[in-house]
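Enquirer: predicted model and sequence below, questions to follow.
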Amino acid sequence: MTITRAGIGSRSSIGIEYPTLVVATDPTDVSGSAYRIASLLAEINDVHVRGISVTSGPAEVADFALEQNARLVIVGMNSGETAARVAWSTHLPLIAVSPSTLAVPHRIVVAMDLDPSQLGDLTPVLSLFGRASSVTCLHVQVPEDFPGSETPVFARAYDRAVNEAFDVTGDAAKKATGIPAHLVRLKGDPAEEIISFASSSKAELLVLGLRRHFGSHKLEGGRVAREILRRAPCSVLVVSEPRGTSGTHV
């Protein structure tokens with residue numbers, strides 16, 4: 001794949017505009033993982049691939065991606081904090097690519113909140129990766145400590161909320177990947193449980209929602225996403241909630 005100043009592997013056709021992937025190039029990504037995934041995705045999707053240096057800054061990367069009408073921003077996972085800053089700066093989906101990623105990921109774990117809108121419009125994002133071999137929707141329940149939290153009434157209400165969220169998220173994932181998703185529920189610290197499950201299940205792609213507190217200049221309420229981007233054993237796809245949505249991230 002030829003690397004050019006404008007981008008990599010760019011396709012052009014007179015009178016036709018293709019969607020775009022943007023790679024935020026990082027000199028510390030010695031494995032070339034971000035470029036490798038960009039090349040593979042370009043082979044299965046009719047897309048241009050454009051590059052910008054991540055050293056330009058998160059805001060500049062975000063602005064460039066918007067100018068290019070990007071469907072996905074791709075960065076290396078060498079620095080999870082860099083990936084988090086870029087993810088915070090844009091509402092576009094972003095994948096932080098693990099150095100160990102050699103092929104388009106097909107074993108997918110979707111970290112699922114009780115609010116499906118946290119994952120934005122999941123179907124078109126996951127569709128970029130083609131058919132999956134397995135899809136797991138993972139929900140981690142944070143232990144509660146308030147009056148009534150151990151009652152059967154609370155348990156039934158929580159179960160109902162989890163199943164309703166899975167109906168929406170699982171359906172979106174199936175439309176994208178071509179296979180039914182299955183639900184796994186755990187209890188504990190979300191970041192620890194998600195990282196542990198991704199490792200034990202040999203996940204190739206971990207999908208996270210990102211919820212913002214608007215008006216802030218850093219990731220707030222995104223502790224889980226930030227921690228996972230630093231420590232995940234596989235590539236991480238961050239999908240932002242729609243603009244204008246507010247709430248609290250677990």
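Expert: Perfect, thanks for sending it.

Enquirer: now do the strands in this structure.
Expert: Per DSSP state E, the chain carries strands over the ranges 20-25, 48-53, 70-76, 94-97, 107-111, 134-141, 182-187, 205-210, 235-240.

Enquirer: now the shortest one: average pLDDT?
Expert: Taken as a whole, strand 94-97 has a mean pLDDT of 94.

Enquirer: I'd say residue 116 and residue 170 touch.
Expert: No. Residue 116 lies out of contact with residue 170 (Cβ atoms under 8 Å); the separation is 9.6 Å. In short, each C-beta sits where N, CA and C put it, glycine included.

Enquirer: for the protein, which spans come out with low pLDDT?
Expert: Applying pLDDT under 70 to the chain flags the ranges 1-18, 79-80, 212-221, 242-250.

Enquirer: let me see the domain layout of it.
Expert: Split into domains by automatic domain parsing, the chain comes to 1-99, 105-250.

Enquirer: winner for burial among those?
Expert: Scoring the domains of the chain by mean neighbour count under mean count of other Cβ atoms under 10 Å gives domain 1-99 as the most buried, with a mean of 19.

Enquirer: which one in the protein is furthest away from the centre?
Expert: Distance to the chain centre peaks in the chain at residue 147, reaching 35.2 Å (criterion: Cα atoms, centre = their mean).

Enquirer: dump the residue contacts of residue 29.
Expert: Contacts here follow Cβ atoms under 8 Å, 6 or more residues apart in numbering; on that basis residue 29 touches 35, 76, 78, 99.

Enquirer: which two from the residues you listed end up farthest apart in space?
Expert: With Cβ to Cβ as the measure, no two of those lie farther apart than 35 and 78, at 13.0 Å.
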